[in-house]
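Novice: the sequence and its predicted three-dimensional model are supplied below.
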Amino acid sequence: MNRREMLQGMGAAMMLSTASGVEGQSTGDAGGPVYELRIYHTYPGKLEPLLKRFRERETKIFERLDMHPVGYWTADDDPLKGNALIYMLRHKSRAAATENWARFSKDPEWVKLKAETEANGAFVEKHDVTFITLTDFSPKV
């Protein structure tokens with residue numbers, strides 16, 4: 001299943017429906033928020049520890065650093081079932097996203113958390129990142 005099929009299956013409009021305070025308009029560096037879709041492909045047996053880390057601590061770091069979570073999903077179908085975390089963040093702009101991730105990667109709480117939780121090996125084998133922008137005909141989200 002490719003990313004397009006996954007988005008269609010998940011219902012992209014539904015995924016965006018939990019974001020608040022954003023008008024349905026063209027966005028990104030043109031003057032509004034941008035959405036970041038991330039898919040983390042985990043090593044075998046590492047999805048549950050990754051979900052635990054997100055559930056208990058990592059999402060709080062995102063929020064503190066102005067990285068607004070829209071939603072978090074796991075796949076119901078193969079080939080991603082059982083080995084992928086899919087999530088979306090909202091940033092003020094594409095430039096803000098770049099700055100947010102730079103701050104995140106150096107954040108002492110994150111650096112410590114990653115070292116502690118991955119002491120016996122990394123959770124994520126690879127990740128896909130796609131920045132997406134609301135169209136002018138999108139419903140309010």
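Specialist: Received, thanks.
Novice: leaving out the residues flanking it, which one is nearest to Tyr87?
Specialist: Tyr72 (4.4 Å; Cβ to Cβ, 6 or more residues apart in numbering). Every residue, glycine included, has its C-beta placed from N, CA and C.
Novice: top helix in this protein by residue count?
Specialist: helix 94-106 (DSSP state H).
Novice: and that helix, which residues are buried?
Specialist: 94, 96-97, 100-101, 104 (16 or more other Cβ atoms under 10 Å).
Novice: coming back round to it: and the residue nearest to Tyr87, what does it touch?
Specialist: 54, 59, 85-87 (Cβ atoms under 8 Å, 6 or more residues apart in numbering).
Novice: for it, helix, strand, or coil?
Specialist: strand (DSSP: H, G, I helix; E, B strand; the rest coil).
Novice: which helices and strands does the longest helix of the chain pack with?
Specialist: strand 34-42, strand 84-91 (3 or more Cβ pairs under 8 Å, 6 or more residues apart in numbering; DSSP states H and E).
Novice: ok, Phe104 to Arg64 distance?
Specialist: Distance from Phe104 to Arg64, counting by Cβ to Cβ, to the nearest Å: 10 Å.
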